[in-house]
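Participant: Provided below for reference: sequence and predicted model.
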Amino acid sequence: MIHLYLPDEYDVARSAEVRYPVIYMFDGHNLFYDSDATYGKSWGLKDFLDRWHKKFIVVGMECSHTGHDRIKEYCPY
């Protein structure tokens, strides 16, 4: 699953061809909402970015929640 953050101005800016930097992050389920977070507490990134003066697009890639698959995805050996 992909968790995506777009600035509120994104639709208007898209028609004006404004470009935003993109940040790609692992553990996407922990980025924005406590209800999605593994241990019930997110990193609060959405609240921070909504208030911050710089605008970004954030793409969060969710990891596997099965057994030790997360370790296999992030630490191949």
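Facilitator: Looks like it arrived, so ask away.

Participant: and the residue nearest in space to the middle of the chain, what element?
Facilitator: Nearest to the geometric centre of the chain sits Gly60, at 3.4 Å (Cα atoms, centre = their mean). For Gly60, the host element (DSSP states H and E) is strand 57-61.

Participant: using CSV, write out every CA atom in that strand.
Facilitator: The C-alpha trace of strand 57-61 is given here as CSV (Å, rounded to 0.1, in the frame of the first residue of the first chain):
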residue,chain,number,x,y,z
ILE,A,57,4.7,15.6,-1.8
VAL,A,58,5.4,12.6,0.5
VAL,A,59,5.1,9.0,-0.8
GLY,A,60,5.1,6.4,2.0
MET,A,61,5.6,2.8,1.1
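
Participant: got the phi and psi for the closest residue to Lys72 other than its chain neighbours?
Facilitator: Residue nearest to Lys72 in three dimensions, not counting chain neighbours: Ser64, with 7.8 Å by Cβ to Cβ, 6 or more residues apart in numbering. Every residue, glycine included, has its C-beta placed from N, CA and C. Per-residue torsions, Ser64: phi -70, psi 140 (degrees, to the nearest 10).
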